[in-house]
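S.K.: I need the structure of the sequence given here:
(one chain, ligands or ions: 1)
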Amino acid sequence: MSDVLTPAQRRLNMQRIRSKGMKPEMRVRRLLHGLGYRYRLHVKTLPGKPDLVFPSRRKIVFVHGCFWHQHEGCKDSHIPLSRCDYWEPKLSRNAARDAEHTIALRELGYQVLAVWECQTRDVTALRAQLEDFLGPPSRKT
Ligand SMILES: [Zn+2]
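M.R.: Prediction:
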């Protein structure tokens, strides 16, 4: 048996990697839904197209990948030295945009919470953080 991948297998691998990247947001959504929270997703009319919007609470939750959004002080935000010139400007633009969106949303009267990818691994802590921010669940959105 050779361990060289066919193009089809390679594609499948890439899909797996990409869907793995989706996981943190799905984890947050599933947890909140299970707790009885209702929310709207990726609201295009709001700055930054927030991941989860709780309109009647005037609250917003972003789920940020530690690398893409440069989680400060987090080991997962580490930029590979070899490609630093490429990534650094790109990623600092992302982080600057995040900050602008948060300010704009606050001006609209929203409270904003950023949940980092690395914080979604511990479900108990994640749940406490979300409940603390959102208040008790209800059937309202
Ligand atoms: Zn992190």
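S.K.: After whatever helix or strand Ala96 lives in, heading C-terminal, what element do we hit next?
M.R.: Assessed by DSSP states H and E, Ala96 sits inside helix 84-107. Using DSSP H and E, the helix or strand that follows helix 84-107 towards the C-terminus is strand 111-116.
S.K.: That next one near the ion at all?
M.R.: Yes. Applying Cβ under 5 Å from the ion, one finds strand 111-116 in contact with the ion at Trp116. In this view, the C-beta of every residue, glycine as well, is placed from N, C-alpha and C.
S.K.: Hey, what's the angle from that strand to helix 84-107? Just curious.
M.R.: 150 degrees (axes from the mean of the first three to the mean of the last three Cα atoms, to 10 degrees).
S.K.: what sits against Tyr39?
M.R.: Leu32, Leu52, Val53, Phe54, Val61, Thr141 (Cβ atoms under 8 Å, 6 or more residues apart in numbering).
S.K.: which residues of this structure fall in strands?
M.R.: For the chain, the strands defined by DSSP state E cover 40-41, 52-54, 59-64, 111-116.
S.K.: and the third one, what does it pack onto?
M.R.: Think strand 59-64. helix 7-35, strand 52-54, helix 84-107, strand 111-116, helix 123-134 (3 or more Cβ pairs under 8 Å, 6 or more residues apart in numbering; DSSP states H and E).
S.K.: pLDDT below threshold where in this structure?
M.R.: Scanning the chain for pLDDT under 70 picks out 1-4, 11-22, 139-141.
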